[in-house]
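Enquirer: what shape does this take:
(2 chains, ligands or ions: 2)
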Amino acid sequence: MNAPTFGPTSYHPTKGERTSLEIKDFNLWYGAAQALFDVAMDVQVGMVTALIGPSGCGKSTLLRSMNRMNDLIDNLRINGAIRLEGDDIYGPAIDVIGLRKRMGMVFQKPNPFPMSIAENVVYPLRVDGVTDRALLEQTVERSLKAAALWDEVKGRLKENALGLSGGQQQRLCIARAVAGDPEVLLMDEPCSALDPIATAKIEELIDELRGNYTIIIVTHNMQQAARVSQNTAFMYLGRLIEYGDTKRMFTNPIEARTQDYITGRFG
Amino acid sequence: MATDHIVKSFDTELQHLDNCIAQMGGLAETQLAEAMDALAKRDALAAERVVARDARIDALEHEVHERIVGLLALRQPMARDLRAVVAALRIATDLERIGDYAKNIAKRTLALTQAPPKSAVATIGRLGKLVQGMIKTVLDAYIDRDVDKAADVRLADQEVDQLHTSLFRELLTYMMEDPRNITSCTHLLFVAKNVERVGDHATNIAEAVHFVVRGQEPESRTKGDQSSVTVIDERGRTTR
Ligand SMILES: Nc1ncnc2c1ncn2[C@@H]1O[C@H](COP(=O)(O)OP(=O)(O)O)[C@@H](O)[C@H]1O
Ligand SMILES: [Mg+2]
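Expert: Ligands and ions are numbered 1, 2, ... in the order given. Just a heads-up that it's a prediction; the model follows:
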């Protein structure tokens, strides 16, 4: 396999059917401070890709670059390219709203809206102006089932979502993220506010969702990265150091810095 | 080596594990040396001491297992640390087996009521020395995480296999020369097989060392010992 021109020193991901997101020689600056350096990686379709690395190494920045969440930040500058199924997401032809629909996002803290469970799920469709009741109801059921929450809430869809437990709220957010039927799910430390049982449920859910969705998950928990992902990318100081098959990364990484980080020798 | 973790007690635990293995290894080395010595001198008291001391190796293996289960549960070692822990588990098992073989050799000595041919005892002594050297080298290789030393051990095993095959033929010849040799030489055949097996375990340990350092098993070795497929015809010629 050919490593990208820039990007990690060691490149050995497990190949999927095709590339979903292609990140090419991507650089990003917050004002004068460069946060990403020559990042290059092909995210494989239908797989779970974990982004790991010490705090501040640029994981969230990279994740937010993928669906242009960074657009709102002043003085942000980028060069290089990110392509979703070949479409240049920073290209002039792209429709940013349409792009975000192709990518659902789940955040660290569950952030349900103060409305009913059902309305939370179909919120993205409402924003799009969908009023077809049958379609909305179908979407609620399909999404809640996909998020493994249906059985727990089917009797109280009209209740306020804020009454759910933290773990249920996070699964509701995942249901909301998949309601618009995206291609990619971006998750930024989705379990860091959850207890171990709720975490296990989310991990199981991620495993069920893969295949149907390409999933990129930022996590601080190395065991979690090892458990849920097929490929792992290790970042350090804004650079992608090693991108490869998860099992290999956690048993026999190539780069000394990867080794040191995952064995707990620096952080 | 197991140093530099952010959590210092993790370093300490890995160090303790290495110490346990080193201790087990030293004991296994001594056991084999003393078993071979007792055989050469037909010293029953020394042989009994070897038999009795085997329990110490077993106890150490037990301790290694407990430490490893604790490390896996509480530290979740990764990458090279994980490989070190898995290798320690494998090595402890091999060392325990080496201890068993030394004990078996000592038991044979106790059963050896008549003197076997001197030259056969001498050859088996050489085989023993060779294998003792392998254990010593492989323990050094483990402590130093030295792949080259481990490779030496794997090479030495081929020599052991060759020597064992020729010793096997030698013993068969004595047995056919004089039927009175049959009992003692049969004991020596088993002893020789035990020593040869110890060499195999030292080789396993060498492979575990390679795995710790390089993250993969070394290329496969060829089995040089031919005794199990050697045939003797009625004139006492060996073929295979
Ligand atoms: N909105 C922002 N404005 C300026 N600097 C930022 C902003 N967000 C992140 N950074 C900086 O970019 C670097 C990478 O941050 P981030 O992507 O959040 O890292 P991680 O998610 O790996 O912890 C850090 O040095 C951080 O301080
Ligand atoms: Mg972050």
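
Enquirer: so residue 51 is in which element?
Expert: Just going to use chain A. Using DSSP states H and E, A:Leu51 sits within strand A:48-52.

Enquirer: wait, I meant chain B there
Expert: Assessed by DSSP H and E, B:Val51 sits inside helix B:44-75.

Enquirer: ditto for A:Phe266
Expert: Under the criterion DSSP H and E, no helix or strand holds A:Phe266.

Enquirer: so who does A:Thr263 touch?
Expert: B:5, B:77-81 (CB atoms under 8 Å, 6 or more residues apart in numbering or on different chains). (C-beta placed from N, C-alpha, C; glycine too.)

Enquirer: apply 10 Å and report the result again.
Expert: Going by CB atoms under 10 Å, 6 or more residues apart in numbering or on different chains, A:Thr263 touches A:222, A:250, A:253, B:2, B:4-6, B:10, B:75, B:77-82, B:84.

Enquirer: if we can go back for a sec, close to chain A, is the helix holding B:Val51?
Expert: Yes: using CB under 10 Å from any CB of the partner chain, helix B:44-75 reaches chain A at B:Arg75.

Enquirer: next one: B:Val64 from ligand 1, what distance?
Expert: B:Val64 sits 39 Å away from ligand 1, going by CB to the nearest ligand atom, to the nearest Å.

Enquirer: now do A:Val130
Expert: Taking CB to the nearest ligand atom as the measure, A:Val130 falls 33 Å from ligand 1.

Enquirer: next, count neighbours for the nearest residue to that residue once chain neighbours are set aside.
Expert: Distance criterion CB to CB, 6 or more residues apart in numbering or on different chains; nearest residue to A:Val130, sequence neighbours excluded, is A:Leu136 at 6.5 Å. Other residues lying near A:Leu136 total 18 when counted by other CB atoms under 10 Å in any protein chain shown.

Enquirer: what about A:Leu136, helix or strand, and which?
Expert: Assigning secondary structure by DSSP H and E places A:Leu136 in helix A:133-146.

Enquirer: ok now that helix, how far from the chain's centre?
Expert: Taking CA atoms, centre = their mean, to the nearest Å, the mean C-alpha location of helix A:133-146 is offset from the chain mean by 22 Å.

Enquirer: mind giving me the packing neighbours of that helix?
Expert: helix A:117-127, helix A:150-153, helix A:166-179, helix A:196-209 (3 or more CB pairs under 10 Å, 6 or more residues apart in numbering or on different chains; DSSP states H and E).

Enquirer: of those helices, which is nearest B:Val212?
Expert: Across the helices and strands packed on helix A:133-146, B:Val212 has its closest neighbour in helix A:196-209 (29.8 Å, CB to CB).

Enquirer: report pLDDT for A:Glu17.
Expert: Predicted confidence (pLDDT) at A:Glu17: the value is 95.

Enquirer: surely A:Ile82 is within a strand?
Expert: Yes: counting by DSSP: H, G, I helix; E, B strand; the rest coil, A:Ile82 is part of a strand.

Enquirer: out of the contacts of A:Thr263, which are buried?
Expert: The neighbour count (16 or more other CB atoms under 10 Å in any protein chain shown) marks A:222, A:250, A:253, B:2, B:5, B:10, B:75, B:77-82, B:84 as buried among these.

Enquirer: let's verify the one residue in chain B that gets nearest to ligand 1: helix, strand, or coil?
Expert: The minimum distance from chain B to ligand 1, using CB to the nearest ligand atom, falls at B:Ile6 (17.7 Å). Put simply, B:Ile6 is coil when judged by three-state DSSP.

Enquirer: A:Met105 now?
Expert: Of the three states, A:Met105 takes strand under three-state DSSP.

Enquirer: for it, list each beta-bridge partner.
Expert: A:Met105 forms beta bridges with A:Leu186, as assigned by DSSP bridges.

Enquirer: for A:Glu189, see how far away it is.
Expert: 12 Å (CB to CB, to the nearest Å).

Enquirer: which residues do these two both contact?
Expert: With CB under 10 Å, 6+ apart as the test, A:Met105 and A:Glu189 both reach A:Leu63.

Enquirer: which non-adjacent residue is nearest A:Leu164?
Expert: Per CB to CB, 6+ apart, closest to A:Leu164 is A:Leu172, 6.3 Å.

Enquirer: which ones are touching the one you found?
Expert: A:Leu172 neighbours (CB under 10 Å, 6+ apart): A:110-113, A:117, A:120-121, A:143-144, A:147, A:149, A:153, A:161, A:164.

Enquirer: let me know the closest of these to B:Met176.
Expert: Checking those against B:Met176 with CB to CB, the nearest one is A:Ala147 at 79.2 Å.

Enquirer: apart from its neighbours in sequence, what residue is nearest the closest one?
Expert: A:Ala175 is the one closest to A:Ala147 (CB to CB, 6+ apart), at 3.7 Å.
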